[in-house]
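*Asks:* Quick check, what structure comes out for this input:
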Amino acid sequence: MASQPNAPEGHGAARLRAARWATRGQFLLFGFVSGVWGVHIPSVKAHYGLDARALSVALWALAVGAVLCLTVAGSIVSRLGARAAAVSAGLLMCAALAVVLVPTGFAALIGLVLVLGSALALFDVAINAEASVLEAESGKKVMSGFHGMFSLGGMAGAALAALLIQAGVPAALQLVTAAAVAAALGAVASNFMLPVPVGAATPGPGMGVPRGALATLGLLAAVGLLAEAAIYDWSVLYLQEEVGATPALAALGFASFSAAMAATRFAGDRLRTRFSAARLLTGSALLAAVAMATVLMARQPLVALVGLALVGVGLANVVPVLFIAASRVPGTTPAHAIAAVSSVGYLGMVAGPPLVGGIAQASSLTWGLGVVVAGALVLAWGARRIPQ
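*Replies:* Residues are numbered from 1 along each chain as shown. Coordinates of the predicted model:
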């Protein structure tokens, strides 16, 4: 994409700068909510008295809600614009999070996680669409930094939850407070997002079913996001139940993963300058595979903290590298290419946690999290297929 020294006629430089900061804030909040949810999956398990199979069903419901929403999310964002879609989805996402520990029946839990999954998916599409518009209009590389903000938010949410757990604050109160703060800040940030409907700002053919290079990139994104989501949803429970870590230490394991991922994503542009996309993804994926295998074999809390951080380093730039490669595929606009890869990649994100749960029920959570090792090895093998 060619550099544009001056802001486009529709939006001045100050307006674009404000929109970039607002979108950074939305990615941060998305990560924060995801981090709080990830840390409190054991709270959900305990509150509803679930075994691994029932918890897997609940996570499947989250996945089903997200997939169903993805069939219409593009149309919703194009019709309402990223700003309005982000506000609506953000409020719904926070409301579902706030009350997830209020009911006691399993059916009510399934309904709530269906709503939560749908809202998370719509919010994800909305803010990524806004990011692609900002990158297209300003000519500046911003996608990696935006995803860094997501990881930073995940770290902050997990670290805060760890502190509150250590302080003995009830889980239900934590979720209500975190959701209220996130909803308020998200609504404020949305005021500075671009008001132009995404469909109007990014002309081009409909996304359709990805083919060729976009299909390859989408499948690689699905593998990477499968591994990432497995860590988000199961690492805390793994550290508690199979490594013997305390709840607070287990939450810090999740935080170390998120922190390392955030730091590496913020360095992503420099890494891409030094290494080709294929070499960067190959080396990063091999690091993630070795680190996760070490965590699963050592079964020691401190080794797990360091190992999960290295897994975060290895997986950090998978999505930004693939999105940037997609934006260079000829025959489509960068925004539509990124949306196509995202749609396939998101299936990996929602399929990962239930897959881990199914393997855990049949064998153990250690074997379940082996999908992270397998996924990283697939990424290393497939990196050579990234368009240069």
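*Asks:* Look up phi and psi at Ser138.
*Replies:* The phi and psi values for Ser138, taken as degrees, to the nearest 10, are phi -90, psi -20.
*Asks:* Check the one 4 residues further on too.
*Replies:* Summarising the backbone geometry of Val142 under the convention degrees, to the nearest 10, its torsions are phi -130, psi -10.
*Asks:* Repeat that for Phe275.
*Replies:* The phi and psi values for Phe275, taken as degrees, to the nearest 10, are phi -120, psi 150.
*Asks:* Once you drop chain neighbours, what's closest to it?
*Replies:* Gly283 (7.5 Å; CB to CB, 6 or more residues apart in numbering). For the C-beta atoms, the positions are set from N, CA and C on the backbone; glycine is no exception.
*Asks:* Would you map the helices across the stretch 101-250 of the chain?
*Replies:* When assigned using DSSP state H, counting those that start in this stretch, the helices of the stretch 101-250 of the chain occupy the ranges 106-138, 143-166, 171-190, 198-201, 213-241, 247-266.
*Asks:* Check the ones you listed for me: which has the lowest mean pLDDT.
*Replies:* Confidence, taken as mean pLDDT, is least for helix 198-201 of the helices of the stretch 101-250 of the chain (a mean of 51).
*Asks:* thinking again about what came up before, for Ile324, find the nearest of the helices of the stretch 101-250 of the chain.
*Replies:* Set against Ile324 and scored by CB to CB, the helices of the stretch 101-250 of the chain come closest in helix 143-166, at 6.6 Å.
*Asks:* Please give me every residue in contact with Gly65.
*Replies:* 113-118, 121 (CB atoms under 8 Å, 6 or more residues apart in numbering).
*Asks:* 6 Å - rerun?
*Replies:* Gly65 sits next to 114, 117-118 when contact means CB atoms under 6 Å, 6 or more residues apart in numbering.
*Asks:* likewise Phe192?
*Replies:* Counting by CB under 6 Å, 6+ apart, Phe192 has contacts 18-19, 22.
*Asks:* same thing but at 8 Å, please
*Replies:* 18-19, 21-22.
*Asks:* So which of these belong to helices?
*Replies:* In helices, judged by DSSP state H, the following of the contacts of Phe192 are found: 18-19, 21-22.
*Asks:* Most neighbours among those, which one is it?
*Replies:* Ala19 (24 neighbours; other CB atoms under 10 Å).
*Asks:* average pLDDT for stretch 65-75?
*Replies:* The pLDDT scores in stretch 65-75 average 75.
*Asks:* chain center to it, what's the gap?
*Replies:* The chain centroid and the centroid of stretch 65-75 are separated by 16 Å under CA atoms, centre = their mean, to the nearest Å.
*Asks:* pull the CA atoms of it into PDB?
*Replies:* These are the backbone C-alpha positions of stretch 65-75, laid out as PDB (Å, rounded to 0.1, in the frame of the first residue of the first chain):
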ATOM      1  CA  GLY A  65     -22.700 -17.800  19.200                       C
ATOM      2  CA  ALA A  66     -19.600 -16.400  17.600                       C
ATOM      3  CA  VAL A  67     -19.900 -18.400  14.400                       C
ATOM      4  CA  LEU A  68     -23.600 -17.600  14.000                       C
ATOM      5  CA  CYS A  69     -22.900 -13.900  14.500                       C
ATOM      6  CA  LEU A  70     -20.100 -14.100  11.900                       C
ATOM      7  CA  THR A  71     -22.600 -15.000   9.200                       C
ATOM      8  CA  VAL A  72     -24.100 -11.500   9.600                       C
ATOM      9  CA  ALA A  73     -21.400  -9.400  11.300                       C
ATOM     10  CA  GLY A  74     -20.000  -8.100   8.000                       C
ATOM     11  CA  SER A  75     -23.400  -6.900   6.900                       C
END
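*Asks:* biggest separation within the ones in helices among the contacts of Phe192, which pair?
*Replies:* Ala19 and Trp21 (7.4 Å).
*Asks:* quick one on the thing from earlier: for the helices of the stretch 101-250 of the chain, which one sits closest to Val100?
*Replies:* Per CB to CB, nearest to Val100 of the helices of the stretch 101-250 of the chain: helix 106-138, 5.2 Å.
*Asks:* Buried residues in that closest one, which are they?
*Replies:* For helix 106-138, the neighbour count (16 or more other CB atoms under 10 Å) marks 109-110, 112-138 as buried.
*Asks:* could you give the angle of it to helix 143-166?
*Replies:* Angle, helix 106-138 to helix 143-166, by axes from the mean of the first three to the mean of the last three CA atoms, to 10 degrees: 150 degrees.
*Asks:* Show me what helix 106-138 is packed up against.
*Replies:* helix 13-39, helix 41-48, helix 52-80, helix 82-99, helix 143-166, helix 198-201, helix 334-362 (3 or more CB pairs under 8 Å, 6 or more residues apart in numbering; DSSP states H and E).
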